[in-house]
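Engineer: this one's structure only:
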């Protein structure tokens, strides 16, 4: 089954070393061209920056919510449903609202003007990056919350009881039992959050189109624009590098799991 | 203690308004007549100038946008139907091909199993753009670019459902299967009579997650479908809002409905499935 994807990918791997006519071997020239492109550097740095900002933020936020939600008794199920709900909302449906909020003459600007703060064009400035962070958090917090809750459920209640008998307070329980035991869950959550972070392109594309403000020009935009020009050589080289990065991350996670066993 | 508990609940309720308030707002806007809607949101959506005005509830609630959308927007119907034509075959194919694959990965020990599992995980985290070129070249060779099959075939071979179902199958106790084998059940029989029923929650959650994913698909049709008439609703919706802004909220709501119903119906399964995806092997 993997062959359906793998075999063609090997072909791309081969192509990444050939010249535009697909004839002669040019070695790593394609890679050098891609690495030298300023648009490539911009896209990589934006993507890395987005991941570096979003994933810790998302994991922290969803862990807080998960811990709080598991401590309450009333409204627990209802709140869980609400927090998970954005998962079911199609991106295409919600972008019309984000446009209304963040547009130059939208609600957010109307709101802050009341406090005599000068309006900003949110989607066409450096703030576009944070709009995207917001929409990512909005969509994915619930998903990660459920993952954390599953991790929390795995911790045996007896551990807490034993600790309490030994005189540990709530704080000690959290720092010395909950957090260390959540570590393996955390690795998997980070991976799944990474998978989801690539999908934020949908929001970016539907709100801002092919060439958005340069603070949210992601690798996905670059690929699309190369694709329109049918720039197969550059794309092949770039995909090989991206695939390599993905493989390294996954193998890293896998190896660290095996070590713990 | 009790008081603290109540404070936390209240805090969470306030926080959750970030989620339900926008949705409630959209539902309310969808009941607005076109003059009212253009007056309020035209500044952003139609470029009529001025500022968007925030009004929570419509002054004169009406179902007119829905009527216009459902009776008078042939484009919307075509795209809705396109989405269905693409999503359901994908889900069916994922089941037919993914279930046996997941069963094999979960229940049989064979050489290279670990490597194969790792490969699946790597493919799972790769963004679509990595396989975009190779996918395009293959579909071109098969001459199915710009047809529904260009989305359906690659969609079927998605690795994520296999990953979830593998976890579900792996959770079945060995003793059950051994008992069936002693009673003379063949391997296929064990799969259909014990494997599938026991792992049903996991399978259902894979289907729901698959549906939510496919219903939302944007990148694939954008690259593989040139003809706009074949586009699914997820990609076409912003175009509708540009043409006929008075139905934009109604269209958004209608598009949400199938996903929302499925979500509410299968939330318990969904949570199990998500939880399973996070557990280490």
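Structural biologist: That came through, no problem. None of these values were measured; they are calculated from a predicted model.
Engineer: Find the nearest non-adjacent residue to residue A:51, please.
Structural biologist: Spatial nearest neighbour of residue A:51, excluding adjacent residues (Cβ to Cβ, 6 or more residues apart in numbering or on different chains): residue A:197 at 5.5 Å. (Glycine included, C-beta is placed from N, CA and C.)
Engineer: again, but for residue B:204
Structural biologist: Nearest in space to residue B:204, with sequence neighbours left out and distances taken as Cβ to Cβ, 6+ apart, is residue B:269 at 4.4 Å.
Engineer: Remind me what the helix or strand containing the one you found packs against, helices and strands.
Structural biologist: Using DSSP states H and E, residue B:269 sits within helix B:267-278. Secondary-structure packing of helix B:267-278 (3 or more Cβ pairs under 8 Å, 6 or more residues apart in numbering or on different chains; DSSP states H and E): helix A:76-84, helix A:128-154, helix A:179-197, helix B:160-170, helix B:200-215.
Engineer: Give me the residues contacting whichever helix or strand comes after the longest one.
Structural biologist: Tracing the chain C-terminally past helix A:128-154 and defining elements by DSSP H and E, one meets helix A:157-165 next. For helix A:157-165, contacts defined as Cβ atoms under 8 Å, 6 or more residues apart in numbering or on different chains pick out A:172, A:173, A:176, A:177, A:181.
Engineer: so who does the residue nearest to residue B:204 touch?
Structural biologist: B:201, B:204, B:205, B:208.
Engineer: Nearest to residue B:57 among those residues?
Structural biologist: residue B:208 (32.6 Å; Cβ to Cβ).
Engineer: For chain B, give me the ranges with low pLDDT.
Structural biologist: Counting by pLDDT under 70, the ranges of chain B that qualify are B:1, B:42-53, B:56, B:240-243, B:245, B:278-281.
Engineer: If you could redo that for chain A, that was the one I meant.
Structural biologist: Using pLDDT under 70, the flagged stretches of chain A are A:1-29, A:36, A:259-261.
Engineer: Dead centre of it: give me the residue that sits there.
Structural biologist: residue A:197 (1.8 Å; Cα atoms, centre = their mean).
Engineer: for chain B, same thing?
Structural biologist: Note: chain B centre (Cα atoms, centre = their mean) maps to residue B:212, 1.0 Å.
Engineer: Tell me who's in contact with that residue.
Structural biologist: Neighbours of residue B:212 in contact, by Cβ under 8 Å, 6+ apart: A:87, A:88, B:259, B:262, B:263.
Engineer: again, only this time at 10 Å
Structural biologist: Neighbouring residues of residue B:212 by Cβ atoms under 10 Å, 6 or more residues apart in numbering or on different chains: A:87, A:88, A:89, A:90, B:258, B:259, B:262, B:263, B:270.
Engineer: can you check residue B:202 too?
Structural biologist: B:102, B:161, B:164-172, B:269, B:272-273, B:276-277.
Engineer: one more time with 7 Å, if that's ok
Structural biologist: Residue B:202 is in contact with B:164, B:165, B:167, B:168, B:272, B:273, B:276, counting by Cβ atoms under 7 Å, 6 or more residues apart in numbering or on different chains.
Engineer: Format those as CSV; extra columns: neighbour count.
Structural biologist: As requested, the contacts of residue B:202 are exported to CSV (neighbours: other Cβ atoms under 10 Å in any protein chain shown):
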residue, neighbour count
B:164, 25
B:165, 30
B:167, 24
B:168, 26
B:272, 20
B:273, 25
B:276, 22
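Engineer: farthest pair in the contacts of residue B:212?
Structural biologist: It's A:90 and B:270 that sit farthest apart of the contacts of residue B:212, by Cβ to Cβ, at 15.8 Å.
Engineer: So between these two, which is more surrounded?
Structural biologist: residue B:270 (26 against 23; other Cβ atoms under 10 Å in any protein chain shown).
Engineer: wait, isn't the more buried one in contact with residue B:208?
Structural biologist: Yes: counting by Cβ atoms under 7 Å, residue B:270 touches residue B:208, with 5.2 Å between them.
Engineer: near chain B, which residues of the stretch 151-261 of chain A?
Structural biologist: A:151, A:184-185, A:188-189, A:191-192, A:194-195, A:198, A:202, A:205-206, A:219-220, A:223, A:227, A:232, A:235-236, A:239, A:242-243, A:246-247, A:249-251, A:254, A:257 (Cβ under 7 Å from any Cβ of the partner chain).
Engineer: Show the buried residues in these.
Structural biologist: Among those, those buried by neighbour count (16 or more other Cβ atoms under 10 Å in any protein chain shown) are A:151, A:184-185, A:188-189, A:191-192, A:194, A:198, A:202, A:205-206, A:219-220, A:223, A:227, A:232, A:235-236, A:239, A:242-243, A:246-247, A:249-250, A:254.
Engineer: Residue in the stretch 101-250 of chain A with the shortest distance to chain B?
Structural biologist: Nearest to chain B, among the residues of the stretch 101-250 of chain A, is residue A:150, at 3.4 Å (Cβ to the nearest Cβ).
Engineer: tilt between the helix holding residue B:269 and helix A:76-84?
Structural biologist: If you take axes from the mean of the first three to the mean of the last three Cα atoms, to 10 degrees, helix B:267-278 sits at 70 degrees to helix A:76-84.
Engineer: could you check the angle helix B:160-170 makes with helix B:267-278?
Structural biologist: 90 degrees.
Engineer: how far is helix B:267-278 from where the chain is centred?
Structural biologist: Averaging C-alpha positions (Cα atoms, centre = their mean, to the nearest Å) puts helix B:267-278 14 Å from its chain's average.
Engineer: Kindly report the same for stretch B:57-75.
Structural biologist: For stretch B:57-75, the distance to the chain centre is 26 Å (Cα atoms, centre = their mean).
Engineer: Briefly note if stretch B:111-124 comes near chain A.
Structural biologist: Yes: Stretch B:111-124 lies within reach of chain A by Cβ under 7 Å from any Cβ, at B:118, B:119, B:121, B:122, B:123, B:124.
Engineer: So which bits of that stretch are buried?
Structural biologist: Neighbour-count burial for stretch B:111-124 [16+ other Cβ under 10 Å]: B:116, B:117, B:118, B:119, B:120, B:121, B:122, B:123, B:124.
Engineer: Please list the residues outside it that contact it.
Structural biologist: Against stretch B:111-124 from outside (Cβ under 7 Å, 6+ apart): A:2, A:5, A:195, A:246-247, A:250-251, A:254, B:105, B:159-160, B:162-163.
Engineer: any chance of these in TSV, with distance to residue B:70 too?
Structural biologist: Shown next, in TSV, are these (distance: Cβ to Cβ, whole Å):
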residue	distance to residue B:70
A:2	43
A:5	39
A:195	36
A:246	43
A:247	47
A:250	46
A:251	51
A:254	50
B:105	44
B:159	37
B:160	33
B:162	38
B:163	38
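Engineer: what's the closest of those to residue B:144?
Structural biologist: Using Cβ to Cβ, the contacts of stretch B:111-124 come closest to residue B:144 at residue A:5, 16.0 Å.
Engineer: Of the contacts of helix A:157-165 - the most surrounded one?
Structural biologist: residue A:177 (17 neighbours).
Engineer: and that one, which of the three is it?
Structural biologist: Three-state assignment for residue A:177 (DSSP: H, G, I helix; E, B strand; the rest coil): helix.
Engineer: Burial check on residue B:97, number of neighbours?
Structural biologist: Neighbour tally, residue B:97, other Cβ under 10 Å: 17.
Engineer: and the nearest residue to it once chain neighbours are set aside, backbone torsions?
Structural biologist: Excluding the flanking residues, the one nearest residue B:97 by Cβ to Cβ, 6+ apart is residue B:156, at 6.1 Å. Taking degrees, to the nearest 10, you get phi -60, psi -40 for the backbone angles of residue B:156.
Engineer: I'd assumed residue B:90 was in contact with residue B:156.
Structural biologist: Yes: Residue B:156 lies in contact with residue B:90 (Cβ under 7 Å); the separation is 5.7 Å.
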